[in-house]
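Asks: Turn this into a model:
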Amino acid sequence: MIGQETRDTERKITAILKVLSDSGNPLGGRVISRRLKERGVDLNERTVRYHLKMMDERGLTRSIGQRDGRTITEPGLEELKSALVIDKVGFVAGRIGLLAYLTTFDPEGLAGDIPVDVSLFTKAQFADAWDIMRDVFASGFCTSNLVAIASSGERLGDVVVPPGKMGMATVCSAAIVGTLLKAGIPIDSRFGGLLQIRNHEPARFVELIEYSGCTLDPFQIFVAGIMTNVTGAVKMGEGKVLAGFYEVPFPSRSATEAVINKFKAFKLCQFILSGTSSQPVCDVPARSDKVSLVLPSGLNAVAAVAEKGLDVRCRPLSGVMEVGKLRSFWSL
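Replies: Got it, this is the predicted structure:
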């Protein structure tokens, strides 16, 4: 059995690895300590250096030079993926809540910070992927048509685009969650799922994964497993798209509709479904005194690319970006 002291040490190592992974550049102990404090982890510079020495010995980090600091290694990245899995249960729900809190987006003024999903494409296939995504953005199955493009070495949200890749940031549904919270409306993020489309209309959820009980983002799983049929939904009106299921208190229904109408008026999100008190939406019942919301994922266009067999990697909930750095898909 892992002792408490060992578990605490592993958590500190995982936190340091996460900082190095998100940076994409070598960092010294002082900078790592400061960034840890920004995440609520209080480790002074001396303690960080102590752990870095142990991590070097385990091959998790590599010293670039006394002044340049450390960078994460491939074994370090693997360790970060698998470390303390029980600590990652509910990670997605927590991440949605964090990005919602960081949202300062104003749909009327088109200003502020907005949460994004980031997807990575092979540079040689990016033009083909772009053509595939056109019909999906035109269909309204995306959270928004606002996107940002980046080349190798450039940053999108929390992600630095690796060599040989092109990156694209799309607006994720946490933007709507955050805007509702800023309007004083509490919202529960319950499920990520596959929503069946019949005769061009949403019919029912056929798969659901509860945000509070998973360690991986449901949409990441569905895209990687090619479980969607976004292409069929767009072209034939029959298919499966990515969507999230949320709940707000019934007394907030009018205020919620007002926020949603702002998004629709500015053509930021056309596909949003809402129910009535305690009534099911798309075959999913709402809890007592709750109203259901079904929001499209910002990764539906990317899912269509995966369906065609192109190489694409999704990084959902990849931080926030200033909305002014995003452009309409149609203007690029």
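
Asks: rest of the way, CA atoms for contacts and neighbours
Replies: Noted.

Asks: So, low pLDDT: which residues of the chain?
Replies: 1-5, 66-68, 83-89 (pLDDT under 70).

Asks: Scan it for its longest helix.
Replies: Under DSSP state H, the helix in the chain containing the largest number of residues is helix 4-23.

Asks: Put the alpha carbons of it into PDB.
Replies: Output of helix 4-23 as PDB, limited to C-alpha atoms (Å, rounded to 0.1, in the frame of the first residue of the first chain):
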ATOM      1  CA  GLN A   4       0.700   9.000   2.800                       C
ATOM      2  CA  GLU A   5       4.200  10.500   2.600                       C
ATOM      3  CA  THR A   6       4.900   8.700  -0.700                       C
ATOM      4  CA  ARG A   7       1.500   9.800  -2.100                       C
ATOM      5  CA  ASP A   8       2.100  13.400  -1.200                       C
ATOM      6  CA  THR A   9       5.500  13.300  -2.900                       C
ATOM      7  CA  GLU A  10       4.000  11.800  -6.000                       C
ATOM      8  CA  ARG A  11       1.300  14.600  -6.100                       C
ATOM      9  CA  LYS A  12       4.100  17.200  -5.900                       C
ATOM     10  CA  ILE A  13       6.000  15.500  -8.700                       C
ATOM     11  CA  THR A  14       2.900  15.300 -10.800                       C
ATOM     12  CA  ALA A  15       2.200  19.000 -10.200                       C
ATOM     13  CA  ILE A  16       5.700  19.900 -11.400                       C
ATOM     14  CA  LEU A  17       5.400  17.700 -14.400                       C
ATOM     15  CA  LYS A  18       2.100  19.400 -15.300                       C
ATOM     16  CA  VAL A  19       3.800  22.800 -15.200                       C
ATOM     17  CA  LEU A  20       6.600  21.700 -17.400                       C
ATOM     18  CA  SER A  21       4.200  20.000 -19.800                       C
ATOM     19  CA  ASP A  22       2.000  23.000 -20.200                       C
ATOM     20  CA  SER A  23       5.000  25.300 -20.700                       C
END
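
Asks: From the contact counts, what lies against the helix or strand that comes right after that helix?
Replies: Later in the chain than helix 4-23, the nearest helix or strand by DSSP states H and E is helix 29-38. In terms of contacts (3 or more Cα pairs under 8 Å, 6 or more residues apart in numbering; DSSP states H and E), helix 29-38 is packed against helix 4-23, helix 45-57.

Asks: Apply 6 Å and report the result again.
Replies: Identification of packing neighbours for helix 29-38 by 3 or more Cα pairs under 6 Å, 6 or more residues apart in numbering; DSSP states H and E yields helix 45-57.

Asks: and the longest helix of the chain with helix 29-38, angle?
Replies: Orientation check (axes from the mean of the first three to the mean of the last three Cα atoms, to 10 degrees): helix 4-23 against helix 29-38 gives 100 degrees.

Asks: Buried ones in helix 4-23, by neighbour count?
Replies: Arg11, Lys12, Ile13, Thr14, Ala15, Ile16, Leu17, Lys18, Val19, Leu20, Ser21, Ser23 (16 or more other Cα atoms under 10 Å).

Asks: roughly how far apart are the nearest residue to Thr122 once chain neighbours are set aside and Val223?
Replies: Counting by Cα to Cα, 6 or more residues apart in numbering, Lys165 is the residue found nearest to Thr122 once chain neighbours are left out, at 4.8 Å. Per Cα to Cα, to the nearest Å, Lys165 is found 18 Å from Val223.

Asks: Tell me which of those two has more neighbours.
Replies: Ranked by neighbour count (other Cα atoms under 10 Å), Lys165 and Val223 place Val223 first, with 23 against 19.

Asks: which stretch of helix or strand covers the more buried one?
Replies: Going by DSSP H and E, Val223 is part of helix 218-224.

Asks: thinking again about what came up before, chain center to the longest helix of the chain: distance?
Replies: The offset between the C-alpha centroid of helix 4-23 and the centroid of the whole chain comes to 21 Å, using Cα atoms, centre = their mean, to the nearest Å.

Asks: quick one, it and helix 45-57 angle?
Replies: Using the same axes, to 10 degrees: helix 4-23 against helix 45-57 is 90 degrees.

Asks: can you list contacts of helix 4-23?
Replies: Helix 4-23 is touched from outside by Ile72, Asp158, with contacts defined as Cα atoms under 6 Å, 6 or more residues apart in numbering.

Asks: Between the two ends of stretch 182-202, how far is it?
Replies: With Cα to Cα as the measure, the first residue of stretch 182-202 is 28 Å from its last.

Asks: Buried by neighbour count: which residues of that stretch qualify?
Replies: Buried residues in stretch 182-202 (16+ other Cα under 10 Å): 182, 185, 187-197, 202.

Asks: just stretch 69-88 next, same as before
Replies: Result for stretch 69-88 [16+ other Cα under 10 Å]: buried residues Gly69, Arg70, Thr71, Ile72, Thr73, Gly76, Leu77, Leu80, Lys88.
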